[in-house]
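1. got a predicted structure here, sequence first:
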Amino acid sequence: MSLFDLCSAAHLDRDRVGVNPTSRGLPCIGADLVAGMVFAPSSTSIFAPAATPARSIFGLSMLVLSVTLAIFLIVGGLLLYVLIRYRQRPEDGNREPPQIYGSNQIELSWTVIPILIVVMLFLTTTRVVLETEAIPKPTSAMDVTVIGHQFWWEYRYPKLGVVTANELHVPISDPAKPTPTYLTMSSADVSHSFWVPRLAGKMDVIPNRVNIMWIDPQETGLFLGQCAQYCGTQHAKMLLRVYVQSSQDFAAWIEQQKRPAQQEFTGNPAAAEGQAVFMHNACINCHTIAGTVATGRFGPDLTHLASRDTIASGPIQNTPENLRKWIDDPSSMKPGSLMPAMHLNNHDLEVITAYLTQLH
C-alpha cells in the first residue's frame, strides 16, 4: 500500500458518506428489526482495522512507515550535519574547498542498501498477500456476489435468495468460530475497485473477470468505503456501506429481504395509485420489484428500497423529499447519473414517492 493510499484512507469524507439512520421516520412495520440495526458510521482509517485482512495490511503499513521514517531521519540528519559542519566561515575567505571525486565505499553503500530495503519490503508484501489468499475457505463462509455498475453496487446472496443494492449486510465473524464473507466480484460495465479500508485492502472489479476477496469483521457497526478506481463522472459518489450485524440481526434482515414487495395499501390511496403509475411507466424496464411486473435489471433492485438508509449509492439520505427530487431529476443530485429524468407531473411524482417509501 502506497502513502497515497494511506492518506486517502485517512481522509475519506465521513460527512459525505455517513448517514444517521435515526434522522428519518421509521414505520411500525419492522420497527423491532430496525431497532437492532442502527449504526453510527465508522472511521475509514486503515489504522483502526476491524478484520483479519485489514490487520495484515495495517501491520505491513506500519513496517513500511517505520522503514521510510528511519530513512528520512538518517538522510535528513546527515544533510543537517553536513550543512552545519561544512558551512562557510568568515576565515575561509574565497578559498575553494578540497574537491573529492568519487568514493567506491559510499557509492556501493547507497546502491546496495536501498536494493536490500526494496527486496525486504517486496518479500514482506508478497508474504502478506500469499498468506491472506492461502487461508482455506471454511464451510461456514457466506457467499455474496458483488457486481459493479456505473455508479452503484449490486449485491446478490445466491445461497439465501436475496438481491439488494448499495448497502452490504454481513454477519459478524467470531474468532472462535469464524464465519467469513467471501465476495465474488465482477463488473457490468467498466473497471471499479472495492475498498473498505477497515475491513480489507482494495480489490479491482473488472469486466469479464472474477476476483474474490474475503472479510471477517469481528465487531458490529457500519463500515464505510469508496470505489477506488476512476470509473466515470460520478466515481467520487460511488460509495460503499457495509453493515456488520450480529447473527440474530443478520438472520432477521435476511428474512425481511426475502419477503415480496408490499402489495396491499389499504388506507393509503396515494401509495396504491403510485404503484399503478410506477407499473405503467418506463421504471419497470430498469428496476425490479419482487412480486410485480417490474423485472428490469439495468438499475438497482427496489423491492425493499425504503429499508435502506441512502439512495444513489450512498451520498444521499433516503428521505421522501430526497427520493422525490431524485425521481424527478437524478442529474440535479448526482450529475452524470445514467438514470434519466422521468419528466413526471407533480401528482405522479407525489404518488410514486408515496409508493416507494412503503417498500420496506
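-> That came in fine, so what should we check first?

2. make it CA atoms for all contacts and neighbour counts henceforth
-> Noted.

3. so what's Tyr53 up against?
-> One correction, residue 53 is Pro, not Tyr. Neighbour list for Pro53: 132, 199-201, 214-216 [criterion: Cα atoms under 8 Å, 6 or more residues apart in numbering].

4. now neighbour count and secondary structure too, for these, in JSON lines please.
-> As requested, the contacts of Pro53 are exported to JSON lines (neighbours: other Cα atoms under 10 Å; DSSP: H, G, I helix; E, B strand; the rest coil):
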{"residue": "Thr132", "neighbour count": "16", "secondary structure": "helix"}
{"residue": "Leu199", "neighbour count": "27", "secondary structure": "coil"}
{"residue": "Ala200", "neighbour count": "25", "secondary structure": "coil"}
{"residue": "Gly201", "neighbour count": "21", "secondary structure": "coil"}
{"residue": "Trp214", "neighbour count": "24", "secondary structure": "strand"}
{"residue": "Ile215", "neighbour count": "24", "secondary structure": "strand"}
{"residue": "Asp216", "neighbour count": "25", "secondary structure": "coil"}
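
5. nearest to Thr184 among those residues?
-> Lowest distance from Thr184 to these (Cα to Cα) belongs to Trp214, with 8.7 Å.

6. ends of stretch 131-140, how far apart?
-> In stretch 131-140, first residue to last residue: 20 Å (Cα to Cα, to the nearest Å).

7. tell me the buried residues in that stretch?
-> Within stretch 131-140, the residues that count as buried by 16 or more other Cα atoms under 10 Å are Thr132.

8. now it: average pLDDT?
-> Stretch 131-140 carries an average pLDDT of 89.

9. before we move on, what about stretch 254-262?
-> Mean predicted lDDT for stretch 254-262 stands at 92.

10. what comes into contact with that stretch?
-> For stretch 254-262, the surrounding residues in contact (Cα under 8 Å, 6+ apart) are 160-163, 289-292, 303-304, 358-360.

11. select only the buried ones of those in ChimeraX?
-> Of these, the buried ones can be selected in ChimeraX as follows, counting by 16+ other Cα under 10 Å:
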select :162,163,289,290,303,304,358,359,360
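
12. of the contacts of stretch 254-262, which pair is most distant in space?
-> Greatest spacing in the contacts of stretch 254-262, by Cα to Cα: Leu160 and Gln358 (23.4 Å).

13. ok, for Val64, nearest residue in space, not its chain neighbours?
-> Leu121 (7.2 Å; Cα to Cα, 6 or more residues apart in numbering).

14. give me the pLDDT for that neighbour.
-> Value for Leu121, per-residue pLDDT: 95.

15. what helices or strands is the helix or strand containing it leaning on?
-> Secondary structure assigned from DSSP states H and E places Leu121 in helix 104-134. With contacts taken as 3 or more Cα pairs under 8 Å, 6 or more residues apart in numbering; DSSP states H and E, helix 104-134 sits against helix 52-85.
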